[in-house]
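> Build me a model:
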Amino acid sequence: MEKGIGNLRQKLKHIDKSQWLILVLTGILLLVIAMPVPGKEETETADALQTESRQKEGVDALEERLETALGHVAGVGKVKVMIMRKSSGEKIVEKDTPVTDRSTTEEGDDGNRSSVEKVQEESTVYTQDGNGGRVPYVIEEMEPQIQGILVVAEGGDNSQVVQNITEAVMALFGVEAHKIKVMKMN
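Numbers count the residues shown, from 1 in each chain. Alright, predicted model coming up:
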């Protein structure tokens, strides 16, 4: 055993710098190859979580902005807002709809009969994302639908304040009055 280690030490002493560099680079390459790469499912899950997080942040930001605005209205006082979404929004993707002619020939009693049928097929248009993957080309993004808005305000017991809050929320969000509830804060 001692002889084997001694021989190895002598061989390592005779290796020049270029050979050391090759050994080090080979080791690094092996480490990089052995590293796990996230699969398609993991990437899709991460993308979905990021989208959901951005949508939640968007609602949180709307709530905060509405609270700030209503807090400056006379008689409202302290205010807390909760916005409930009915949907998370929708993305409309570009579709390619080529029309092709398909001709058919049928034999009838009096001879040949042919017809031309126009066929329209629809396929999604794709583009490449930053990672080189294919993603649908989005032409329009629909805003999330709001199911209801709850406003809890110190001045929630005053009918004029409630009317002002309701009208402001209707104007800002395009929500019907029956989807807005204004309550008195403790």
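> and residue 10, how many residues sit next to it?
Using other C-beta atoms under 10 Å, residue 10 has 9 neighbouring residues. All C-beta atoms are positioned from the backbone trio N, CA, C, and that covers glycine.
> can you check the one 5 residues further on too?
Close neighbours of residue 15, defined as other C-beta under 10 Å, add up to 11.
> and what of residue 94?
By other C-beta under 10 Å, 13 other residues sit near residue 94.
> and residue 63, that one's in a strand?
No - applying DSSP: H, G, I helix; E, B strand; the rest coil, one finds residue 63 to be helix, outside a strand.
> got a list of what it touches?
Contact analysis of residue 63 by C-beta atoms under 8 Å, 6 or more residues apart in numbering lists 81-83.
> export these to a markdown table and tack on neighbour count and distance to residue 181?
As requested, these are exported to a markdown table (neighbours: other C-beta atoms under 10 Å; distance: C-beta to C-beta, whole Å):
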| residue | neighbour count | distance to residue 181 |
| --- | --- | --- |
| 81 | 21 | 11 |
| 82 | 13 | 10 |
| 83 | 20 | 12 |
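> from these, which is closest to residue 117?
residue 83 (50.6 Å; C-beta to C-beta).
> what lines up beside the helix or strand where that closest one lies in the sheet?
Per DSSP states H and E, residue 83 falls inside strand 79-85. Partners of strand 79-85 in the sheet, by DSSP bridges, are strand 146-153 (antiparallel).
> ok, now which ones touch the nearest residue to residue 153 once chain neighbours are set aside?
The shortest distance from residue 153 to any non-neighbouring residue, by C-beta to C-beta, 6 or more residues apart in numbering, is to residue 79 (4.4 Å). Residue 79 makes contacts with 67, 70-71, 151-154, 185, as judged by C-beta under 8 Å, 6+ apart.
> Filter those down to the buried ones and hand me the PyMOL line.
Buried members of the contacts of residue 79 can be picked out in PyMOL with the line below, counting by 16 or more other C-beta atoms under 10 Å:
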select buried, resi 67+70+151+152+153+154
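> out of the contacts of residue 79, who's nearest residue 24?
For the contacts of residue 79, the closest approach to residue 24 (C-beta to C-beta) belongs to residue 67, at 58.4 Å.
> what's that closest one in contact with, if anything?
79-81.
> Output these in TSV, with pLDDT and distance to residue 92 appended to each entry.
Shown next, in TSV, are the contacts of residue 67 (pLDDT from 0 to 100; distance: C-beta to C-beta, whole Å):
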residue	pLDDT	distance to residue 92
79	96	35
80	96	34
81	95	29
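> Same list (these) but as a markdown table, adding distance to residue 7.
Shown next, in a markdown table, are the contacts of residue 67 (distance: C-beta to C-beta, whole Å):
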| residue | distance to residue 7 |
| --- | --- |
| 79 | 82 |
| 80 | 78 |
| 81 | 78 |
